[in-house]
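J.: give me a model of this one.
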Amino acid sequence: MTEKKKRISFLGPEASFTHLAASKVFPEEQLMPYTTIPECIEAVAEGTVDYAVVPLENALEGSVPLTVDYLFHEAELYVTAEVLSPIQQHLLVHPENRGAESFEAIYSHPHALAQCHKFLYYTYKTTPLQQYSSTAAAAKMVSELPERNIAAIANDYAAEKYGLDIVQRDIHDFHFNHTRFFVLSKSNHKLTDPGHEAQIKTTLMITPPEDDRSGVLHQVLSVFAWRQLNLSKIESRPLKTGLGNYFFIADVLEDENAAMMRGAFEELKALGCGIKTLGSYYTYNS
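T.: Next up, the predicted model:
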């Protein structure tokens, strides 16, 4: 009997960077494109799919607030893996408009437009920049409108998939451009270790005590410091309860079930902090 394929939601359409990341982890499974990040997350939360792959952070533009906030405020899900993908942005046009020296507008995801700011400013300073749901969606739209002299910013795969010409390659401002993706599930487990020396990581969401006393962040960091638990990232996000109210998202290079981590959780609770763990996971490099 043939084993039923797992269903994977991703920020589509096909040929998006998220699609490439999902293909890295799930090369043989059923990949299902969704239009928005919340739709991807809700699909796994409601059981429509088995996993969701969503962008979390870009090396140039920082975190994707929609993903972080949705995981904190809306969804009870766990991270089962992360994918690190190199990002190369190209300027794409319909073959019928290849010779154009200017464009009616340039479309792409907001992060992609920001990643190419210098190129766009110095080369197409007067051209309107239009935000789109994903780089691949922008490429698909350009392929469907040959009568319009418009361009998209997307990857090689999108150019090939939608029959577009690349008129300018590698237009991102900095060449160390990577995006981090989360693989989400309703159950707390780790996907297979992608390498013998893969670093395990745990993502925590920490809410400070309500009494707003001084030195709270120092106390939180000390919980990890004296245990020699290395934080690879910490940042704040609004709690959405009023100005000045924040929670922290932290990545710890340790398994959540390690003795030192369990002790850290207990100490944080004793300090009056709320803790939401997104689970422990390994990193896939695409």
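J.: how about the most centrally placed residue in the chain, phi and psi?
T.: Centroid-nearest residue in the chain, with CA atoms, centre = their mean: Pro55, separated by 1.5 Å. Backbone geometry at Pro55, expressed as degrees, to the nearest 10, gives phi -70, psi 140.
J.: I figured it hits Phe181, correct?
T.: Yes. Pro55 is within contact range of Phe181, at 5.5 Å (criterion: CB atoms under 8 Å). C-beta here means a position set from N, CA and C on the backbone, and glycine is covered the same way.
J.: what do the two both touch?
T.: By CB atoms under 8 Å, 6 or more residues apart in numbering, Pro55 and Phe181 have these common neighbours: Thr18.
J.: distance of the residue nearest to the centre of the chain from Ala114?
T.: According to CB to CB, to the nearest Å, Pro55 and Ala114 sit 13 Å apart.
J.: per-residue pLDDT, the residue nearest to the centre of the chain?
T.: Looking at Pro55, its pLDDT reads 94.
J.: quick check: closest non-adjacent residue to it.
T.: Leaving aside its chain neighbours, Pro55 sits nearest to Val64 (5.0 Å; criterion: CB to CB, 6 or more residues apart in numbering).
J.: OK, contacts around that neighbour?
T.: So Val64 contacts 37, 54-58, 111 (CB under 8 Å, 6+ apart).
J.: let me see the backbone angles for Gly263.
T.: Residue torsions, per degrees, to the nearest 10, at Gly263 are phi -60, psi -40.
J.: list the contacts of it.
T.: By CB under 8 Å, 6+ apart, the neighbours of Gly263 are Arg227.
J.: ok, the helix or strand of the chain with the lowest mean pLDDT: who's next to it in the sheet?
T.: The weakest-scoring helix or strand in the chain, judged by mean pLDDT, DSSP states H and E, is strand 62-63 (a mean of 89). Strand 62-63 pairs in its sheet with strand 51-58 (antiparallel), by DSSP bridges.
J.: any idea how far the partner strand is from the chain center?
T.: Relative to the centre of its chain, strand 51-58 is centred 3 Å away, using CA atoms, centre = their mean, to the nearest Å.
J.: dump it to CSV, restricted to CA.
T.: Below are the C-alpha coordinates for strand 51-58, written out as CSV (Å, rounded to 0.1, in the frame of the first residue of the first chain):
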residue,chain,number,x,y,z
TYR,A,51,3.1,21.2,8.2
ALA,A,52,3.4,24.9,7.2
VAL,A,53,6.5,26.6,5.9
VAL,A,54,6.6,30.4,6.4
PRO,A,55,9.4,33.0,6.3
LEU,A,56,10.6,34.3,9.7
GLU,A,57,13.6,36.5,9.2
ASN,A,58,15.9,38.0,6.5
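J.: what's next to the helix or strand hosting Phe181, contact-wise?
T.: In the assignment (DSSP states H and E), Phe181 maps to strand 178-185. The contact list for strand 178-185 (CB under 8 Å, 6+ apart) reads 17-18, 21-22, 25, 41, 44, 50-59, 67, 71, 75, 77-87, 191, 281.
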